[in-house]
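In: sequence first, then the predicted structure, then my questions.
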Amino acid sequence: MNKGGLLYISILLIGIIFIGKLFYLQVLDNKYKISHLNNASIKRVYDYPERGYIYDRNGKLLVANQQSYDVMIVPREVKPLDTLEFCELLKIDKQNFIKRYNRAKNHSPRLPYVFLNHVSKNDYAYLQEKLHKFKGFYIQKRSIRQYPMKSGANVLGYISEVNLNQIKENGYYQQGELIGVKGVERTYEKILRGIKGIKHIQKDRFNKEIGIYKDGVYDTLAIPGKDLTLTLDAALQQYGEHLMINKRGGIVAIEPSSGEILSLITAPSYDPNMMVGRKRSRNSTILFGDTINRPMYDRGLQAEYPPGSPFKILTGLIGLQEGVINQQTTFTCSHGYRISAKRKMGCHPHASQVQLNFGMYTSCNAYFANTYKRIIEKYDTPHIGMDSWNKHVESFGLGNFFGNDVYGGRKGLIPDADFYDKWYPAKNWRALTTISNAIGQGEVLTTPIQLANMTAAVANRGFYYTPHLVKVIKDDTIDTKFITKNVTTIDPQHFDPIIDGLFDVFENPKGTAYSSRVEGIEICGKTGTAQNPHGQDHSIFIAFAPKDNPKIAIAVFVENGYWGSRWAGPIATLMIEKYINGETSRKYLEEKMFNGSLQDEYDKQLIKTNAASEGEE
Amino acid sequence: MPQVREKNNIFKGIDTWLIIMYMALVFLGWINIYAATTSEIHFEILDFSSRYGKQSIWIILTIPIIIVVLFIEARFYERFSPLFYIFGLLLLIGLFVFGKNINGAKSWYAIGSFTIQPTEFAKAFTALAVSKLLSDSAFTFRPFKNHIKAFFLILFPAFLITLQPDPGSGLIYLAFLFVFYREGLSIYYFLIGISAIVLFLLTLKLGYFSGVPIMIFGSIMIFLLLITYLLIYRLNLLKRNWMQLSFLFFIVCGYIFSVSYIFNNVFEQRHRDRFNIILGETSDTQNIGYNTDQAIKTIASGGFFGKGFLDGDRTQGKFVPEQDTDYIFSTVGEEWGFLGSTIVILLFITFMLRIIHMAERQKSVFSRIYGYSIASIFFFHFMVNIGMVIGILPTIGIPLPFFSYGGSSLWGFTLLLFIFIRLDANRSYEW
């Protein structure tokens, strides 16, 4: 080859370098590679389907959607305008206008930005007339939630913009989109929201849209959200919320034959409409910031209290099942139960020779302490006895999560042998060490919904359906878990003596809820008073009615309500009456409950804690 | 006379392969110009309001040019090459008076709305003049004054073009170095040129240590090592050449200092920016690096098979500025992928090697040098343009032959090529 070879070789060399570089760029992975749909040149436009409506069990609308109007601005397109008139229309002052304008301009002069969100329907009407005068502004509609019944705030939950963590966890969401945060909105998020449609739009380098990308082959249609019918009875829910005004606590009502939750009330609560629209963020700060009343805390689901006397039902049932007592077994009660030479579990004055029925309706502590001792001591070691007791109790759905569609439950606590082994490393605990469990004090903790479910299981004489909120999903089926029977470890025949005792709580003049009985409805129930180290005892009541073919099982919990029959009892029976008869006959009692307030008691506690914390400093 | 009749057939003896490759390149070029400039609703391929429509017309108008070029006798080109060259220079000089300023450069003559860029034709005329000079039987590169003659021939138009200012097109005249080397110029010109470029880039890349370019320290190190080596093993050589070595050392150091000085004080910021991007000194993708960054991303997004004709979303979104002219190759990269890009590169390589092959078979020295000149010119355009688009070379705006939009460049390259085809067709009649 002559000197011409230099050019020849140069050409080949450059060719190889070019092909190599292209191979690196186009075939190998490198920093320049971007997904072809996640590309700066393609804009995705989302078509958001309407979120599903939520109805109560009778078809009453609980949650609907309403239009909200945002005033949008494209700063570059804004022409000089009559600021005064514009500000008047939007009801903002001029400084505010300038602030908002600058914020939009800083964001981007070309891109639309929310100038003012959630303009009211009335303002919108005026604005729409005049808007042609204000170039660069336009109205964007969006759909927000509306709660016609103004109740059930905590059960229903709310929706809000996704946060960064949620975006990271779930690829579906983009910044600025809405997601159910609590309650039903969260549990049934996927069903309610539907699936957004995506359009891919080809843009040029100035971000100008120049057409539909690839004639829409990657585009998808929006799938609308499904409507949801809940098991809640809106009227009962509202009624219960009304009863709980100025009190703290929770009410849970369940239909025993299906496990459907009829009402799930927590107090204090708030109007769910507060968490919607322009006032939302301010209200949200107020509501979440209220660490005294804690309106965002669902006491029906999350408050773990010692159940108190209603727990005696289980002690009795387990005693019968384990054969350590029968209806004729008699214990002595000398104003209490002597645990040791120095310790005594007190009891209120009543006749001394106690049998099951009498013990039940007078709520005799000694009777159930004796029974509990026999249950634990039935076996060779208290460990076996304790574990057998634990198994029975847990079969009523206590001490564990339901794994249902109610957002934000608590486990509660039903101790077992391991628990006490940890507590007492010497493992020398005995029945008497844990005797308080007999009467629902001790280590036992339950939430109101667990108590309500336990009541339902008793009402059903030995089984329950997992309590749940969903009744019907439009064009879909509900979780089979909710139609599967959970059978307790207690045989059905043992329930009748206990239920008779619960019936006598109302019917026997010596019964603890004799004063709360309702004409024409056979109610079975049990009062409870849980000791509270911070102040007055908590007032507890569980009940179901009617005695045969029960329609409703209910648990009521009123914080610092002194004793069971003072607040919780009347509230429970009013709820039952309202649900079964549709109206109440005891107007005087009803008024008393509506207007009754425990605020003084709560204030007293607040002063006490403040004084205590000041003293610490 | 049968021979005369044969000579009158202007298509007799022309190289079919070259013609086919030419047509393929022009066709592929048009396809990509169409993709880069089409918008929603143009269907007429001759629509004069669109760029691809205009390009169609430029392509059609190459036909009369080709016919005229082929019609003229081969010897005419050789005989009148000095006149062509002077004509070309006059056109370039005339620009300073009559030129129309477009994008900051007075590179165009405007006749109504029609503009023409003489720069693109000057290459062909210079190639003819170089061929004429070097093919003179009395010409060798032995005497130094011939070096000056030859270099004057190429540097004068390059100088005029750089003044427009269009330094990229001026740079193309360096392609003739290949021709000079082929015809006997010492390899030292190449070596010095390459050393100068390498030193230049290294000086900028390595930067400064307390105000002194790091390359100075490097040079001292290398020089000391060399001296040590010579002291031990080649004492005689050192004794004989110590002056030359010292001289070389000072030249190198002087060059390094002047590079820093020129770069920092003579270059404009935009020139510095271009080098800084290639040297990886700045990773700007918004302002100065925008074109290159977008072009590379666009090519990378093509993948192995490409997105398909008219389906390149970045091309359709016009993300790459100047995508139908200097950055046309990014369209190929996006819509036709690695496969298509490689085919285009291989087509260019085959095309250029074919020209070299044909040049080497010429009996006439003039034809050989001319063929070699145009191969070098095509190669320079190919290397600088694609090298720039795929981010190997700094931004130097010159067209990719037959691909980039523009009548002048298409006609210029067509003229360049078909004069050679004419010369080659004539080789059987050489006497």
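Out: Received the coordinates, thanks. Keep in mind that what you see is a predicted model, and the values were worked out from it rather than measured.
In: who's in contact with B:Leu346?
Out: Neighbour list for B:Leu346: A:Gly15 [criterion: CB atoms under 8 Å, 6 or more residues apart in numbering or on different chains]. Bear in mind the C-beta positions are built from the backbone N, C-alpha and C, glycine included.
In: got it, and B:Ser219?
Out: With contact taken as CB under 8 Å, 6+ apart, B:Ser219 is in contact with B:249, B:252-253, B:256.
In: just send those residues back as TSV, with pLDDT and neighbour count too.
Out: TSV is the format used below for the contacts of B:Ser219 (pLDDT from 0 to 100; neighbours: other CB atoms under 10 Å in any protein chain shown):
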residue	pLDDT	neighbour count
B:Phe249	87	17
B:Val252	87	20
B:Cys253	88	16
B:Ile256	86	21
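In: per-residue pLDDT, A:Asn610?
Out: Looking at A:Asn610, its pLDDT stands at 66.
In: and the helix or strand where A:Lys199 lies, what other elements does it pack with?
Out: Element membership for A:Lys199, per DSSP states H and E: strand A:197-203. For strand A:197-203, the packing partners by 3 or more CB pairs under 8 Å, 6 or more residues apart in numbering or on different chains; DSSP states H and E come out as strand A:42-47, strand A:209-212.
In: list the buried residues in that strand.
Out: Applying a neighbour-count criterion of 16 or more other CB atoms under 10 Å in any protein chain shown, the buried positions in strand A:197-203 are A:199-203.
In: check stretch B:343-358 too.
Out: Buried residues in stretch B:343-358, counted by 16+ other CB under 10 Å: B:344-345, B:348-353, B:355-358.
In: again, but for stretch B:171-189
Out: By neighbour count with 16+ other CB under 10 Å, stretch B:171-189 contains the buried residues B:171-173, B:175-183, B:185.
In: biggest strand in chain B, by residue count?
Out: strand B:105-111 (DSSP state E).
In: what's that strand in contact with?
Out: Contacts for strand B:105-111 (CB under 8 Å, 6+ apart): B:91, B:94-96, B:98-100, B:102, B:115-119, B:161, B:164-166, B:169.
In: 10 Å instead, please
Out: Applying CB atoms under 10 Å, 6 or more residues apart in numbering or on different chains, the external contacts of strand B:105-111 come out as B:91-92, B:94-102, B:114-120, B:161, B:163-167, B:169, B:397, B:408.
In: swap in stretch B:353-360?
Out: By CB under 10 Å, 6+ apart, stretch B:353-360 touches A:1-2, A:4-5, A:7-8, A:11-12, A:15, B:15, B:17-18, B:21, B:178-179, B:182, B:350, B:367-379, B:417, B:420-421, B:423-424, B:427.
In: of those residues, grab the buried ones for PyMOL.
Out: Selection of buried members from the contacts of stretch B:353-360 for PyMOL, criterion 16+ other CB under 10 Å:
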select buried, (chain A and resi 4+7+8+11+15) or (chain B and resi 15+18+21+178+179+182+350+367+368+369+370+371+372+373+374+375+376+377+378+379+417+420+421+423+424+427)
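In: which ones among the contacts of stretch B:353-360 are found in helices?
Out: Using DSSP state H, A:5, A:7-8, A:11-12, A:15, B:17-18, B:21, B:178-179, B:182, B:350, B:367-379, B:417, B:420-421, B:423-424 are the members of these that sit in helices.
In: what about residue 425, neighbour count?
Out: Because you didn't say which chain, this covers chain A. 7 (other CB atoms under 10 Å in any protein chain shown).
In: that answer is for a different chain, and I need it for chain B
Out: Other residues lying near B:Ala425 total 20 when counted by other CB under 10 Å.
In: now swap in A:Ala64 and tell me
Out: Neighbours of A:Ala64 using other CB under 10 Å come to 15.
In: need the contact list for the closest residue in space to it that isn't next to it in sequence.
Out: Nearest residue to A:Ala64, sequence neighbours excluded (CB to CB, 6 or more residues apart in numbering or on different chains): A:Gln146, at 4.8 Å. Going by CB under 10 Å, 6+ apart, A:Gln146 touches A:53, A:61, A:63-68, A:272-273, A:276-277.
In: could you dump these to TSV with pLDDT and secondary structure?
Out: What follows is the contacts of A:Gln146, written out as TSV (pLDDT from 0 to 100; DSSP: H, G, I helix; E, B strand; the rest coil):
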residue	pLDDT	secondary structure
A:Tyr53	92	coil
A:Leu61	91	strand
A:Val63	91	strand
A:Ala64	90	strand
A:Asn65	88	strand
A:Gln66	84	strand
A:Gln67	81	strand
A:Ser68	80	strand
A:Pro272	86	helix
A:Asn273	85	helix
A:Val276	83	coil
A:Gly277	76	coil
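In: filter the buried residues of stretch B:171-189 down to the ones near chain A?
Out: The subset of those within reach of chain A, counting by CB under 10 Å from any CB of the partner chain, consists of B:175, B:177-179, B:181-183, B:185.
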